[in-house]
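Chemist: Sequence first, predicted coordinates after that:
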Amino acid sequence: MKYMLLVCGDDTADATGMAPVEPWVEELGDRGVRLHGHRLRLPSEAVTVRVRGGEVLRTDGPFAETKEYVAGFDILECHSMEEAIEAAAKHPVATIGAMEVRPFWEDEDAEGEIRRLDAELTLAVRDRDIERALACYAPDVEVFHPMSGLEQQGIDAFRKSQEWWFSTVTGPVDREVLEFRVRVDESVAFSHALVRMRATLTTGEPLDSTVRVTTGYRLVADRWLIVHQHMSVPFDAGIEEDRS
């Protein structure tokens, strides 16, 4: 489960004896607990925005004038609130300020949505349905496909490469996902897959190829879309591995 760790500084506290934050960041990063985070500028540089009666009201400064302020944030992934509290207690700022730990809403299934997106791509490829396949990609997608040997930048260039690829086969295309691992981090995600493609070429010869696919996703509005995709095939360099 993900937690937001709000790092609250204190203007009246003496930070001269505070331990450096870097070891805490490194330790939790190595353990996979801290996903990311960042420092924030001082409250004096904040702008507070309100809308009243359709009018946008801007106030220079923080939302509330207090001695404590949010100095930064960290996104944690922990098994429980207790584990998140333990991580927060080890943060150096906890010795002079305060750490607010708040769980994320768990009403979203980002990994499930990405897996469903990949399943949709499998169905589109099977039917050689270009429009259905392209709907899985962002307009600014970048794709490297081993069939063409070139990188396609943008959906129009990718469309042309897909049209060419589908023109080389006849009948349905079997896209079998042998492995699929997903890593999601807020609005971006990555997957690593092993995909077997089987079809019949227009020459009548069978096509049976296994490719390694690395895919980058971005959450656009409320939809996950593919923004980067790299496909590679095994390369035989003629070097025999010594397994003795």
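Modeler: Structure's in. What do you need? Worth saying up front: this structure is predicted, and the values here are computed from it rather than measured. Residues are numbered from 1 along each chain as shown.

Chemist: just checking, next helix/strand downstream of the strand ranked longest in the chain?
Modeler: As assigned by DSSP state E, the longest strand anywhere in the chain is strand 169-185. From strand 169-185 onward toward the C-terminus, using DSSP states H and E, the following helix or strand is strand 188-201.

Chemist: Quick check: buried residues in the longest strand of the chain?
Modeler: Using 16 or more other CB atoms under 10 Å as the burial criterion, the residues of strand 169-185 that qualify are 169, 173, 175, 177, 180, 182, 184. C-beta coordinates here come from the backbone N, C-alpha and C atoms, glycine included.

Chemist: Now pLDDT and distance to residue 225 too, for these, in JSON lines please.
Modeler: Compiled in JSON lines, these are given as follows (pLDDT from 0 to 100; distance: CB to CB, whole Å):
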{"residue": "169", "pLDDT": "92", "distance to residue 225": "25"}
{"residue": "173", "pLDDT": "93", "distance to residue 225": "22"}
{"residue": "175", "pLDDT": "94", "distance to residue 225": "18"}
{"residue": "177", "pLDDT": "95", "distance to residue 225": "18"}
{"residue": "180", "pLDDT": "96", "distance to residue 225": "17"}
{"residue": "182", "pLDDT": "94", "distance to residue 225": "15"}
{"residue": "184", "pLDDT": "88", "distance to residue 225": "14"}
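
Chemist: will you turn those into a markdown table that also has distance to residue 9?
Modeler: Converted to a markdown table, the buried residues of strand 169-185 look like this (distance: CB to CB, whole Å):
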| residue | distance to residue 9 |
| --- | --- |
| 169 | 61 |
| 173 | 57 |
| 175 | 52 |
| 177 | 47 |
| 180 | 43 |
| 182 | 36 |
| 184 | 30 |
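
Chemist: quick one: least confident helix or strand in this protein?
Modeler: Of all the helices and strands that make up the chain, the one with the lowest confidence by mean pLDDT, DSSP states H and E is strand 150-153; it has a mean of 76.

Chemist: Parallel or antiparallel, which strands does that one pair with?
Modeler: Strand partners for strand 150-153, identified by DSSP bridges, are recorded as strand 137-145 (antiparallel).

Chemist: Pull the partner strand out as PDB, backbone CA atoms only.
Modeler: These are the backbone C-alpha positions of strand 137-145, laid out as PDB (Å, rounded to 0.1, in the frame of the first residue of the first chain):
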ATOM      1  CA  TYR A 137      -0.800   4.200 -27.800                       C
ATOM      2  CA  ALA A 138      -0.300   7.900 -27.000                       C
ATOM      3  CA  PRO A 139      -0.100  10.400 -29.900                       C
ATOM      4  CA  ASP A 140       3.600  11.100 -29.100                       C
ATOM      5  CA  VAL A 141       4.600   7.400 -28.800                       C
ATOM      6  CA  GLU A 142       8.100   6.300 -29.700                       C
ATOM      7  CA  VAL A 143       8.500   2.700 -30.900                       C
ATOM      8  CA  PHE A 144      11.400   0.600 -32.000                       C
ATOM      9  CA  HIS A 145      10.300  -2.500 -33.900                       C
END
